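1. Predicted model and sequence follow; I will ask about them next.
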Amino acid sequence: MKMSNKGSLIVISGPSGSGKGTVVKALKELMPSIGVSVSATTRAPREGEMDGIDYYYISHAEFEKMIENGEVLEYTTYCGNYYGTLAREAERITGEGRDLILEIEVDGAGQIKKKFPDAVTVMLIPPSLSILETRLRGRGTESEEVIKSRLDRACQEIGCAYDYDYVVVNEDGGVEACARLIKRIIKAENSRSAKMKHIIDNFIDR
Ligand code: 5GP
């Protein structure tokens, strides 16, 4: 995938319970021009989720075929299921010169940073371990075993926070504040001199 010199590639990670999905929705409202990539997954849809909106829900065999064909930019297995970013989805958004948001976990974030060193990585974290646990239980959609496995994975993921460019803390009730902060990060990243080449060079090459 070729990155446009206009928009930024922004990776947002955060363990389940960090409120990442809600923050990304709020960010999209604040910045309607950003493109949020819809990933493919082999996990079953949760209640209220829709194919093509929350994820593309596909089978294990289909996912493995896409890996083989090089159709995913990055992928991982998470709690027994595949998750991955579709190259065509990302290319569609970057091709339009828009900011591209990938809402993915740490393993995928590492793969993206390796392929695209200019990618900006943001980790969203809950304010404390006990708040994270309350949030995971409060969702009420998963078994105790799944909750425990998500909690273990969450702590592992937060352990990777130092590899990220930015860490944003999502306090209870802090969705709007997080979205505004991430918007400022994107604006600042898009103001880097390298991103302003199309304007600066007009003055130099006159
Ligand atoms: P959930 O099952 O809660 O929707 O997602 C589980 C985890 O998978 C979350 O941390 C989410 O960010 C991550 N995830 C979703 N899509 C992708 C993807 O395309 N690639 C990777 N690496 N992780 C993803």
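-> Perfect, thanks for sending it.

2. residues contacting the residue nearest to Pro15 when sequence neighbours are not counted?
-> Leaving aside its chain neighbours, Pro15 sits nearest to Ala154 (3.1 Å; criterion: CB to CB, 6 or more residues apart in numbering). C-beta coordinates here come from the backbone N, C-alpha and C atoms, glycine included. Contact analysis of Ala154 by CB atoms under 8 Å, 6 or more residues apart in numbering lists 15-18, 132, 136.

3. how does this protein divide into domains?
-> 1-34+98-206, 38-97 (automatic domain parsing).

4. Just the element for the residue of the chain found nearest the ligand, please.
-> Residue nearest to the ligand within the chain (CB to the nearest ligand atom): Gly108, separated by 2.3 Å. Using DSSP states H and E, Gly108 maps to helix 106-115.

5. Counting neighbours, which bits of that helix end up buried?
-> Residues of helix 106-115 classed as buried by neighbour count (16 or more other CB atoms under 10 Å): 106-113.

6. Also stretch 171-184?
-> 174-175, 178-179, 181-182.

7. hmm, who's touching it?
-> 10, 12, 19, 22-23, 26-27, 29-31, 122, 124, 127, 131, 168-170.

8. Which among those count as buried?
-> 10, 12, 19, 23, 26-27, 31, 122, 124, 168, 170.

9. coming back round to it: quick one: which of the contacts of Ala154 sit in helices?
-> 132, 136 (DSSP state H).
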